[in-house]
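K.L.:
could you work out the structure for the sequence below:
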Amino acid sequence: MIDLLPILEQTEKVAREAGAFIRKERKSFDLKNVETKGLNDLVSYVDKEAEKMIVDRLSLILPEADFITEEGTGETNGKEYTWIIDPLDGTTNFIHGLPIFSVSIGLRYRKEIVLGVVYEVNFDECFYASKGNGAFCNGERICVSPAKTLGESLIGTGFPYSAFGQIDNYLGVLRLLMEKCHGLRRMGSAAVDLCYVACGRQDGFFEYDLKPYDVAAGIIIIQEAGGRVSDFEMGDDFLFGRKIVATNGLIHDELGQDIQKMWNK
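P.N.:
Next up is the predicted model:
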């Protein structure tokens, strides 16, 4: 495998450049520029232009890699290295002028995520990690929280916006957790939620109907910060399986069991 540290440094610069473009466009953004891809699935020229910018830059950094992207820029040809990109995670927040939204860039080597960068645009916070090298935010090392139980935890989640077939199960999980933890939060950007677990602002996070580009970067950031990631069944199908649980590790089994209890009713 290639040396990841110089790739990580360059990827951080790409994420910040895309974030600067997004921040600039937000100042004059008009709702007339919004397009609908599906039920409550929104996109704008900002997403598309940011993605083209990112793909162009990353193609120069690692020419031997292919791409999985939200807006379809780049090609997927089964190469050993794959960039997995969400140019604007939290588009609905962006459209309404509501923080939080982010740029998310992950790199997969064969079947493993080995590098991730998430740049939260509004607060100018860049979270990043590469395999074996730790996790950082703006140059400072980060780690997960020391919370040992759900009773002392703050849990993040994401509301479903189109896959409503399992809404009753999801609401059951929310009700159970409301009675057990310090509180529930919904940021609107799964990439940021994962980073907030990595740096200890949240103790856990779960969501369903997510895409690979929503979670790829955050997965390695959490793992390198000392946390744990799984699917709802406590397995490892969390990149493409559309369900993810991410925690500080200490509460993982408890949170996972509660999710399974309500999900499988």
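
K.L.:
quick one: the strands in the stretch 51-200 of the chain?
P.N.:
Remark: strands assigned in the stretch 51-200 of the chain by DSSP state E, counting those that start in this stretch are 66-69, 81-89, 102-109, 112-120, 125-130, 135-137, 140-141, 154-157, 183-186.

K.L.:
sheet partners, orientation included, of the last one?
P.N.:
Counting by DSSP bridges, the strands paired with strand 183-186 are strand 154-157 (parallel).

K.L.:
what is the rounded mean pLDDT of the strand it pairs with?
P.N.:
Averaged over strand 154-157, pLDDT sits at 98.

K.L.:
can you pull the contacts of residue 107?
P.N.:
Residue 107 makes contact with 4, 7, 11, 62, 65, 81-84, 113-116 under the criterion Cβ atoms under 8 Å, 6 or more residues apart in numbering. C-beta: built from backbone N, CA, C; applies to glycine.

K.L.:
now it. Nearest residue, chain neighbours left out?
P.N.:
Of all residues not flanking residue 107 in the chain, residue 115 sits nearest, at 4.0 Å (Cβ to Cβ, 6 or more residues apart in numbering).

K.L.:
where in the stretch 1-150 of the chain is pLDDT low?
P.N.:
30, 32-33, 37-43, 74-75, 77 (pLDDT under 70).

K.L.:
hang on, the earlier thing: could you report the separation of the residue nearest to residue 107 from residue 61?
P.N.:
Distance, residue 115 to residue 61, by Cβ to Cβ, to the nearest Å: 11 Å.

K.L.:
between these two, who's got more neighbours?
P.N.:
residue 115 (28 against 16; other Cβ atoms under 10 Å).

K.L.:
I'd assumed residue 218 was in contact with the residue nearest to residue 107.
P.N.:
No - with contact defined as Cβ atoms under 8 Å, residue 115 does not reach residue 218; the gap is 12.0 Å.
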